[in-house]
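Q: Okay, structure incoming, though there's no sequence with it:
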């Protein structure tokens, strides 16, 4: 899932969000319905939404 600045949930449910580096370091943990990726450098991250993981590429 490519993105530039932020990721938002669209179904109205506020999930548990965790953002990890590819090295496994937890970078962010929140229950907000959006996360701002502008503070992170370009690269690939793992986004865990509840118990499912998605690869995110920040451009």
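A: Sure thing, it's come through. Small disclaimer: the values here were computed from a predicted structure and weren't measured.
Q: so what's the residue sitting nearest the centre point of the chain bridging to?
A: With distances taken as C-alpha atoms, centre = their mean, the chain has residue 47 as the residue nearest its mean C-alpha position (4.1 Å). Beta-bridge partners recorded for residue 47 (DSSP bridges): residue 19, residue 54.
Q: and what of residue 34?
A: Beta-bridge pairing of residue 34, defined through DSSP bridges, involves residue 8.
Q: What pLDDT is listed against it?
A: Among the per-residue scores, residue 34 shows a pLDDT of 79.
Q: That one and residue 17, how far apart?
A: Separation of residue 34 from residue 17 (C-beta to C-beta, to the nearest Å) stands at 9 Å. Heads up, the C-betas are built off the backbone N, CA and C, glycines and all.
Q: More neighbours: which of these two?
A: Summary of the neighbour comparison: residue 34 and residue 17, criterion other C-beta atoms under 10 Å, with residue 17 having more neighbours (19 against 11).
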